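# Give me a model of this one.
(one chain, ligands or ions: 1)
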Amino acid sequence: MGVAYSELVGLYQRLEGTSKRLEKTFYIADFLRKAVAEGNASDRELSRMLLLIQGRIFPPWDERKIGVAAKLVIKSIAHSTGISESRIEDLWREKGDLGTVASELVKKKVQATLLTLNLTLDKVFDNLLKLAALTGQGAVSRKVQMISELLTSASPGEAKYIVRTVLEELRVGVGEGSVRDALAWAFFPAVEGILWICGDCKARNPEGYDSCLSCSAPKEESAPAGRESSARILEVNSTDELLELERKRSLNKYDLLRSPSQESARAVYNFIIDAVQTAYDIKNDFGEVAVIAREKGLAGLRGVELVPGKPIKVMLAQKVSNVKEAFERVGRPAAVEYKYDGFRMQVHKKGQNIRIFTRRMEEVTEQFPEVVEFFRDYKDDFVLDGEAVGYDPKTGRFMPFQHISQRIKRKYKIEELSRELPVELNLFDIMFLDSGDGAPGSMLNRAFRERRKALEKLIREKKGSVVLAKQLVTDRDDEAEAFYKESLEKGNEGVMFKGLENPYKPGSRVGFMVKLKPTMESLDLVITAAEWGEGKRANWLTSFTLSCIDENGEYIEIGKVGTGIKELESQAEEGEVTFEQLTRLLKPLIIEQKGRKVTLKPEVIVEVKYEEIQRSPTYSSGFALRFPRVVRIRDDLNPEEASSITLVEELYRSQ
Ligand code: AMP
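Below is the predicted model of the structure:
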C-alpha cells in the first residue's frame, strides 16, 4: 500500500505548530523512526520523504524546478472544487496563502460529497514529477489536470500542503540543520546526556524536556534507557570505540550510548552528526544520505565519495581581522593567497565530459566555452576549485564582479560575450584526481599542501585563461602583511590564509581557510518583504525589508532600505541596482499581500553597506542599520548564505 501522504501531513502540522528548532528536529526524527525504522518504507519512499519534508522534489544540486505559478494553481483549485477563479483570488487576497484557501474549499466539498481517497506519498510525488517535466503544447491543461487529480483525492489538510509544495513554498520552517540532526536521531543510537529514550513510546527526546514530546510520558520513569525499553546501554569512551562497535555489527539504533563524561558524550554525538553532514555536503541530497545511513551506517556515511560530474558544496571561509589572528586560526606556516574578486567556479572532468558549476551548484558549462576548451586535451579526471575573474581584453585590467556576473546568466551569443568579457580562472584547490593509475580519486582528506602540489603538477598554466592562485607559504607576520598589501594594490579583495595540513571540508566554515579583507564589512541580506510605491512609483516595489539569518536558519529582520537604487534599468550603469529590476525579480516571489505591503519568499540577496549597526527594538533581530544602501544584487549566493546574526553581533561589537 505504501506510506500514506496523510502521515506526512501530520508531520507538517506538528512542524508548523512550533518555532523551536529542537522540537522540529524531534518531530522529523520521530516521524522517520516510526515510518521507516519500525515501518517498512522502501528506499525510494525514504528518499522521497526527505525531499518532501523540505518542500522539494529535487535535491539542491538538481536544477529542475516544479515551476508552477499561482495562476495555474488557482485554475486547478477551481477545476477540482467547482469554485470560480475570481472567488478563489478574493479568498487568496484575504487569507494570504493559497494552501489555506485550497484546504477550506476542499473541506466544503468533502462535507458535501463525503468522499475522500487514500493518497500515497508516492502518488503525490509522481504527479509532482510529471508536473515538472511537462512542457510544450497542451502543457498548461495537463498541469491543471495533474494538480486537480491530487486535489480531488485530497483531504482538506492534504490539499493545503499539496498546494504549497506545488508552489515550492512549504512554509513549515525546516532548515538543513534540523533535517541533518533528525537523521542522526532516527538512525543511530541515542547518546545519554543529549537524548533520552521515552519508556512508553521509545521516542528520543532532547535533554531539557521533562516529558516525552510525542506521548507526554514523564522522563523520570524512563531513565536511564527507558522503562521496559529494549534499549541496551553501551559504554562508549571514544569515537574509535563507536566505529569498532559498528564494525563488529554490535551497534543497534535502539541502543543508548553512555560515555564517562559530558565532554566525551558530546564528542560521540558530534561525531555522528558530522558523519551525516559530511555525506550531505558531498551528496547534497538528504534522500540519498538517509538511505546510506539506514543501510550502511556511520562507515557508509563517512565513506561517501564525490563523483566528478556532480557538484559538491565548496569549502567556505571564516573571517579574521588581522594577520596574527589568521595565523592563530590556521597555524604556522600557512599558505597565503590572493583573494580574487570574481565568482567561484567548480570544474569537473570525467572522460570527455567537462562541466562547470557555480558555488550555488548551478551548471554554467555552456556559458564558459573558453574554460571547457582549455581542459579539452587533459587526460585525467578531476574536480577543481577556483575563482573566475573577468578582465578587460584591451587593458588586461580586472573587472569588478558586477560586469562579469552577466556571463553567468547569458544564454545567447555566448561566444561573442566570451571575447568581450573573458575570464581568467585562478585555481586554488583540487578535490578529486584520477590519473588512471589505480590510485584512489578523492583528495578531500589529503593535506592542503599535497593538494596544491597535485594542482601544480596537473595544470599547464596559461595567462588570461587558467592559472594557479598566487600563493606565498610563510610563518612570518611581516611577510604575510607585505603580501596582503601587494594583493590589495593589485586590485584584489584581500588574502586567504590556509592551513597546510588541513583537509578539504565541503560546505563548512570550519576555519581550515580564513579570509582577511579591509574596511567595514558589508552585509548580504535577504529581502523578505517590500512595499509598493506611491504616485508615479505605484508599479514598483520601493521599500525593502532586509533580513539576516539566525541560528535556526530562520530569517530575522534587520532594517529597511530604499536608497542606493536607481529607477529605470535604461538609466542605470552596468551592475547598478534599479527598482525596475528588483520589482521584476521580487514580484513572482510574493506570498502574501496586505494593502501596499507584500511578504516575499526569501530568495533575493542584496549586498548592503551602512554607516553603523545599532541596537533596535523595531526589528526582530534586535538590530537596525543606520543609512543602509544597496550596493549590488548577490545572485551568486543562496538565501541560506545570507549574513548571520552572529556576524551582525560581531560587527556590532567591533564598531
Ligand atoms: P567571502 O565570499 O567573502 O566569504 O570569501 C570567500 C570567497 O573568496 C570564496 O568563496 C571564493 O569565491 C573567493 N576566493 C577568491 N580567491 C580565493 C582563494 N585564493 N582561495 C579561496 N577562495 C578565494
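# So which residues on this structure come close to the ligand?
A317, E337, Y338, K339, Y340, R344, E387, F428, A469, M496, K515 (C-beta under 6 Å from any ligand atom). Where C-beta positions appear, they are placed from N, C-alpha and C, glycine not excepted.
# Strands - which of the residues you listed land there?
For the residues of the chain next to the ligand, membership in strands holds for E337, Y338, K339, R344, E387, F428, M496, K515, with DSSP state E as the criterion.
# Give me the contact list for the host helix or strand of A482.
Using DSSP states H and E, A482 sits within helix 477-489. Under the contact criterion C-beta atoms under 8 Å, 6 or more residues apart in numbering, helix 477-489 has outside partners 323-324, 326-327, 334, 336, 338-339, 470, 472, 474, 494-495, 497, 516, 518.
# residues of that helix that come out buried?
Of all the residues in helix 477-489, those buried under the rule 16 or more other C-beta atoms under 10 Å are A480, E481, F483, Y484, S487, L488.
# Please write out the alpha-carbon positions of the helix ranked longest in the chain in PDB.
Here the longest helix in the chain is taken by residue count, with DSSP state H as the criterion, and it is helix 262-283. C-alpha atoms of helix 262-283 as PDB (Å, rounded to 0.1, in the frame of the first residue of the first chain):
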ATOM      1  CA  GLN A 262      29.600  15.000  29.300                       C
ATOM      2  CA  GLU A 263      32.500  16.000  27.200                       C
ATOM      3  CA  SER A 264      33.100  12.600  25.600                       C
ATOM      4  CA  ALA A 265      29.300  12.200  25.200                       C
ATOM      5  CA  ARG A 266      29.300  15.400  23.200                       C
ATOM      6  CA  ALA A 267      32.200  14.200  21.100                       C
ATOM      7  CA  VAL A 268      30.500  10.900  20.300                       C
ATOM      8  CA  TYR A 269      27.300  12.800  19.400                       C
ATOM      9  CA  ASN A 270      29.100  15.300  17.300                       C
ATOM     10  CA  PHE A 271      30.900  12.500  15.500                       C
ATOM     11  CA  ILE A 272      27.600  11.100  14.400                       C
ATOM     12  CA  ILE A 273      26.200  14.500  13.400                       C
ATOM     13  CA  ASP A 274      29.400  15.200  11.500                       C
ATOM     14  CA  ALA A 275      29.200  11.900   9.600                       C
ATOM     15  CA  VAL A 276      25.700  12.800   8.400                       C
ATOM     16  CA  GLN A 277      26.800  16.300   7.500                       C
ATOM     17  CA  THR A 278      29.900  15.100   5.600                       C
ATOM     18  CA  ALA A 279      27.800  12.800   3.500                       C
ATOM     19  CA  TYR A 280      25.300  15.600   2.800                       C
ATOM     20  CA  ASP A 281      28.000  18.100   1.800                       C
ATOM     21  CA  ILE A 282      29.100  15.700  -0.900                       C
ATOM     22  CA  LYS A 283      25.700  14.200  -2.000                       C
END
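# Now that helix: buried residues?
Of all the residues in helix 262-283, those buried under the rule 16+ other C-beta under 10 Å are 264-265, 267-269, 271-283.
# Can you tell me what sits against that helix?
Applying C-beta under 8 Å, 6+ apart, the external contacts of helix 262-283 come out as 59, 176, 180-181, 183-184, 188, 191-194, 236-239, 242, 257-259, 286, 289, 292-293, 298, 300-302, 304-306, 312-313, 444, 505-508.
# Identify each buried residue in whichever strand or helix holds L417, please.
In this structure, L417 is located in helix 414-420 according to DSSP H and E. Judged by neighbour count (16+ other C-beta under 10 Å), helix 414-420 contains these buried residues: S418.
# I'd like to know how far Y378 sits from the ligand.
With distances defined as C-beta to the nearest ligand atom, to the nearest Å, the gap from Y378 to the ligand amounts to 21 Å.
# Let me see the confidence value for that residue.
Model confidence at Y378, expressed as pLDDT, equals 96.
# do T545 as well
The predicted structure scores T545 at 97 on the pLDDT scale.
# Do I have it right that it meets T528?
Yes. Because the distance of 5.5 Å satisfies C-beta atoms under 8 Å, T545 is recorded as touching T528.
# Give the residues shared as contacts by the two.
By C-beta under 8 Å, 6+ apart, T545 and T528 have these common neighbours: E557.
# Tell me how many other residues crowd C198.
The local packing of C198 (other C-beta atoms under 10 Å) involves 24 other residues.
# on that earlier part again, can you add pLDDT and give the ones in strands among the residues of the chain next to the ligand back as a markdown table?
As requested, those are arranged in a markdown table below (pLDDT from 0 to 100):
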| residue | pLDDT |
| --- | --- |
| E337 | 98 |
| Y338 | 97 |
| K339 | 96 |
| R344 | 95 |
| E387 | 97 |
| F428 | 98 |
| M496 | 98 |
| K515 | 94 |
